[in-house]
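Student: what follows is a predicted protein model with its sequence.
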Amino acid sequence: MKTLLRNKRTGSYFQGVSDWTTNVREAFDFKMPERAIRFIKDAGLRAVDLVLAFEDPRYNIQLPVDERFGLSTGNERKPMEARQAARVSV
């Protein structure tokens with residue numbers, strides 16, 4: 001199994017620091033999901049999927065990388081804004 005990153009908008013796979021490829025065989029293998037998630041956080045990437053790629057692509061698994069992985073989606077409100085919005089909506 002390979003651990004890859006896929007750009008949601010373009011469908012390209014991460015290949016290197018500034019390189020993306022449409023060929024899954026040329027994509028960089030992070031080896032472990034934890035390494036890929038750490039890289040996404042450190043690089044500030046957005047709109048990517050974590051792909052667990054198998055020899056037979058029918059079994060590939062795409063996982064959206066979002067706030068469930070501890071990443072900011074940019075849609076969150078600051079704590080004060082969230083409290084104020086809650087008061088207004090009540």
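Tutor: Everything's here; your move. Numbering: from 1, shown residues only.
Student: what ranges in the chain fall below the confidence cut-off?
Tutor: Applying pLDDT under 70 to the chain flags residues 72-90.
Student: ranges for the helices of it?
Tutor: With helices called from DSSP state H, the chain shows them at 33-43, 79-89.
Student: can you tell me what sits against the first one?
Tutor: With C-beta atoms under 8 Å, 6 or more residues apart in numbering as the test, helix 33-43 has contacts from 3, 4, 5, 30, 45, 48, 50, 52, 65, 69, 70, 71. For every residue, glycine as well, the C-beta is placed using N, CA and C.
Student: buried residues in it, which are they?
Tutor: Within helix 33-43, the residues that count as buried by 16 or more other C-beta atoms under 10 Å are 33, 36, 37, 40.
Student: check the gap between residue 20 and residue 71 for me.
Tutor: Per C-beta to C-beta, to the nearest Å, residue 20 is found 19 Å from residue 71.
Student: all strands of this structure, in order?
Tutor: Ranges of strands within the chain are 2-7, 13-16, 19-21, 48-53, 61-64, based on DSSP state E.
Student: now these as JSON lines including mean neighbour count?
Tutor: As requested, the strands of the chain are exported to JSON lines (neighbours: other C-beta atoms under 10 Å):
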{"stretch": "strand 2-7", "mean neighbour count": "20"}
{"stretch": "strand 13-16", "mean neighbour count": "18"}
{"stretch": "strand 19-21", "mean neighbour count": "14"}
{"stretch": "strand 48-53", "mean neighbour count": "19"}
{"stretch": "strand 61-64", "mean neighbour count": "12"}
